[in-house]
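Chemist: Test case, fold it:
(one chain, ligands or ions: 2)
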Amino acid sequence: MNKIIVSPSLLSADFSKIQQELDLLEKSGAEWLHFDVMDGHFVPNISFGLPVLKSLAHKHHMLNDVHIMISNPLFYAPKFVDAGANLVTFHYEAVKNSEVLKVIETIKEKKCKVGLSIKPKTSVEKIIPFLDKIDVVLVMSVEPGFGGQAFMDIALEKISKLRKYIDQYHLSTLIEVDGGINQETGKKCVEVGANVLVAGSYLFGHENLSSRINILKGI
Ligand code: DX5
Ligand code: ZN
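Modeler: Ligands and ions are numbered 1, 2, ... in the order given. Okay, here's the model as predicted:
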């Protein structure tokens, strides 16, 4: 089985003790750190943005996995790279189809890894043409905007289709899954080919963080 990467979502973190949270995540085996940026326009919630990323990006050694659920990613994506992102994932639905490539190239020009995310209702076929140009495809298993939602099984068929396509064309694109990930749903996603699992409510606020991370990793 592939090595599974766990990317804890900061949306569920206790920001009043954020450095302790980061230290504990790193010590517990998290390799990526998932920043859920929300603008209250593309999604019906506001989370945090550039100043928060800037202040936290270099306070740990995990990969800064920045998920921008915002409008106008073409304008803002480079700013998230400057603020410390190592991977910027934008939403297919936030731009016209004809602009997707431009956003991908804009992020790559900044020597940053690039991801493309699709909401539950968006079909996998829409992003197949971009798979060989991106480092990560982020499959949303909840409607973006909030942590603590229930996993949507529709994501499993999309992961499986992406896995087949990526393997058939020998691509190195990682499949990341985001929303409602826990011991049971995480295992299902890995079984159909996911590489990276984002988790918020399953990881934060519980005693046994490292065993929960290991459970998601399948170890
Ligand atoms: C939702 C975010 C997810 C969410 C995950 O819009 O993109 O990353 O915070 O939280 P859980 O794991 O609690 O569903
Ligand atoms: Zn996310």
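Chemist: Tell me how far Val52 lies from ligand 2.
Modeler: Relative to ligand 2, Val52 is positioned 15 Å away (CB to the ion, to the nearest Å). Bear in mind the C-beta positions are built from the backbone N, C-alpha and C, glycine included.
Chemist: Which helix or strand contains that residue?
Modeler: Using DSSP states H and E, Val52 maps to helix 50-56.
Chemist: near ligand 2 at all, the following helix or strand past that helix?
Modeler: Later in the chain than helix 50-56, the nearest helix or strand by DSSP H and E is strand 63-69. Yes - counting by CB under 5 Å from the ion, ligand 2 is contacted by strand 63-69 at His67.
Chemist: elements contacting the helix or strand following strand 63-69?
Modeler: Tracing the chain C-terminally past strand 63-69 and defining elements by DSSP H and E, one meets helix 73-82 next. On a contact count with 3 or more CB pairs under 8 Å, 6 or more residues apart in numbering; DSSP states H and E, helix 73-82 meets helix 50-56, strand 63-69, strand 87-91, helix 100-109.
Chemist: Get me the contact residues on this protein for ligand 1.
Modeler: Remark: the part of the chain in contact with ligand 1 comprises 9, 11-12, 34, 36, 67, 69, 142, 144-149, 178-181, 198-202, using CB under 6 Å from any ligand atom.
Chemist: give me that answer again for 8 Å
Modeler: On the criterion CB under 8 Å from any ligand atom, ligand 1 has as its neighbours in the chain the residues 9, 11-12, 34, 36, 38, 43, 45, 67, 69, 140-149, 151, 178-182, 198-203.
Chemist: In strands, which of the residues you listed fall?
Modeler: Secondary-structure check on the residues of the chain next to ligand 1 using DSSP state E: residues within strands are His34, Asp36, Met38, His67, Met69, Met140, Asp178, Val198, Ala199.
Chemist: model confidence over stretch 76-84, on average?
Modeler: When the per-residue pLDDT values of stretch 76-84 are averaged, the result is 98.
Chemist: which parts of it are buried?
Modeler: The neighbour-count check on stretch 76-84 (16 or more other CB atoms under 10 Å) flags Tyr76, Ala77, Pro78, Lys79, Phe80, Val81, Ala83, Gly84 as buried.
Chemist: Over to stretch 101-120?
Modeler: 103-104, 106-107, 112-120.
Chemist: Please list which of those also come close to ligand 2.
Modeler: Among these, no residue lies close to ligand 2 (CB under 5 Å from the ion).
Chemist: biggest helix in the protein by residues?
Modeler: helix 154-168 (DSSP state H).
Chemist: For that helix, which helices and strands make contact with it?
Modeler: Secondary structure elements in contact with helix 154-168, counted by 3+ CB pairs under 8 Å, 6+ apart, are strand 136-140, strand 174-178, helix 183-191.
Chemist: For Phe204, grab the count of nearby residues.
Modeler: Other residues lying near Phe204 total 20 when counted by other CB atoms under 10 Å.
Chemist: was I right about it contacting Phe15?
Modeler: No - the pair Phe204 / Phe15 is not scored as a contact, 11.0 Å apart, by CB atoms under 8 Å.
Chemist: Quick one: residues contacting Val52.
Modeler: Residues counted as contacts of Val52 (CB atoms under 8 Å, 6 or more residues apart in numbering) are Phe35.
Chemist: that older thread, would a markdown table of the ones in strands among the residues of the chain next to ligand 1 with distance to Arg212 and pLDDT be doable?
Modeler: Putting those into a markdown table (distance: CB to CB, whole Å; pLDDT from 0 to 100) gives the following:
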| residue | distance to Arg212 | pLDDT |
| --- | --- | --- |
| His34 | 15 | 98 |
| Asp36 | 19 | 98 |
| Met38 | 24 | 98 |
| His67 | 20 | 99 |
| Met69 | 24 | 98 |
| Met140 | 21 | 98 |
| Asp178 | 17 | 98 |
| Val198 | 13 | 98 |
| Ala199 | 8 | 98 |
